[in-house]
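S.K.: give me the fold of what follows.
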Amino acid sequence: SEPKPPLDLRVSKQPSLRDIAKVSKVSVSTVSMVLNERPGISPKTRDRVRQAATKLGYDWTAQKVNSRAVTVGLVIEQGSMPVLLDIFYGNVIRGFQSEAQRLGYQVLLHMYGREPEGFEAVHSELSGQVRGLVIANDGDITPEMVVQLEATDAPLVLIENHVEGHHLPSVLGDNFTAGYSVMRHLLSLGHREIAILRGPDKYSSLVDRLRGCLSAAAEVDLHIPKQYIPYPKAAHPQKGYFQMKEVLALPQRPTAVVAISDKTAFGAMSAITEAGLGIPEDISVIGIDNVVESAYTHPPLTTFHIPKRDMGILAMRILHRLISGDQEIPVKSVVYGDLLVRESCRCIT
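M.R.: Coordinates of the predicted model:
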């Protein structure tokens, strides 16, 4: 059904939205978007609505420019490096920004700290300033935080996260398939002694990748011992470095390693090289994400491509539909990827 138009608070001499819609032969929501100078309407339709409004005596001098109608917020946690340089979320942000610009929106980037009051500031600083919000964080968004954000009265879209109990649109990478595919690739090369450098449990995307890995292993009745699936250690410039050192210290080292992300793979490759071992001669390494740097490691990293830029683009398109009054939005939208075979894995059969 057609979404209800916003309350008409103008003085009585102004024509109603329905009057203008009838004359211009468009929906009430389209008239509302034109009068509020929102993006997403073709120039031809916009002109027709404006002409109809003028004909009916619409007072354009009473229409104030509302910057909230054309600004959307992108919220992301502030990490140890500038967010635009982050090899995963940097591409997500660039995709979001380019699509927002194409649709006529301005983007307000808000980064919050990890301290408890950091996220609380999101509501106070963005409330009333933005027409919609996209949250590009995995694992750190709790139901309590969602309640705070919903209080802004702006549509919400999540990237790489899904909060149970809240029917918020989410854009996700196909993380289970990613984990399944990289494990299947190693199995097809004859590997059976395989380690998995997992991520923190709070990141649902990384948990799904681990589930995919274990599912592929279970299909061939392969049991991976706990010592081959170490938890991440203390912060290090290269994720996976200490996990890999822990695996290399075991009495029997694996013939292959699944890194839960390319960043984790980079750390693992450093630890392997530091130990005097060759890749893939001694240990094969495979990652997930296909960040730009993965093509330039030594050797180039075999990985599963997650379309990061596409995730940002899709999130902005969904947000635009919500802002435009579309209620038929899927709760989960999955962006699919594929395996990229390079030179970091070898066949042992």
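S.K.: what's the burial count for Ile348?
M.R.: Ile348: 14 surrounding residues under other Cβ atoms under 10 Å. C-betas here are computed from N, CA, C, even on glycine.
S.K.: for Gln97, same thing?
M.R.: Gln97: 19 neighbours (other Cβ under 10 Å).
S.K.: I'd like the distance between it and Gly40.
M.R.: Counting by Cβ to Cβ, to the nearest Å, the gap from Gln97 to Gly40 is 17 Å.
S.K.: next one: Pro169
M.R.: Pro169 is 17 Å from Gly40, by Cβ to Cβ.
S.K.: do the same with Arg198
M.R.: 42 Å.
S.K.: look at these two and report which has more neighbours.
M.R.: Legend: neighbour count by other Cβ under 10 Å for Arg198 and Gly40, higher for Arg198 (22 against 13).
S.K.: and the more buried one, its phi and psi?
M.R.: Phi and psi for Arg198, reported as degrees, to the nearest 10, are phi -80, psi 170.
S.K.: per the record, what domains does the protein have?
M.R.: As given by automatic domain parsing, the domain ranges for the chain are 17-62, 67-173+309-335, 175-305.
S.K.: need those in JSON lines (columns: distance to Ile348 and mean pLDDT).
M.R.: Converted to JSON lines, these look like this (distance: least, Cβ to Cβ, whole Å; pLDDT from 0 to 100):
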{"stretch": "domain 17-62", "distance to Ile348": "54", "mean pLDDT": "82"}
{"stretch": "domain 67-173+309-335", "distance to Ile348": "29", "mean pLDDT": "78"}
{"stretch": "domain 175-305", "distance to Ile348": "4", "mean pLDDT": "95"}
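S.K.: need those in TSV (columns: distance to Val341).
M.R.: Listed next are those as TSV, based on distance: least, Cβ to Cβ, whole Å:
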stretch	distance to Val341
domain 17-62	41
domain 67-173+309-335	19
domain 175-305	5
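S.K.: give me whichever of these is most buried.
M.R.: Most buried of those, by mean neighbour count (mean count of other Cβ atoms under 10 Å): domain 175-305, with a mean of 20.
S.K.: end to end, how far does that domain reach?
M.R.: Criterion Cα to Cα, to the nearest Å; first-to-last residue distance in domain 175-305 is 10 Å.
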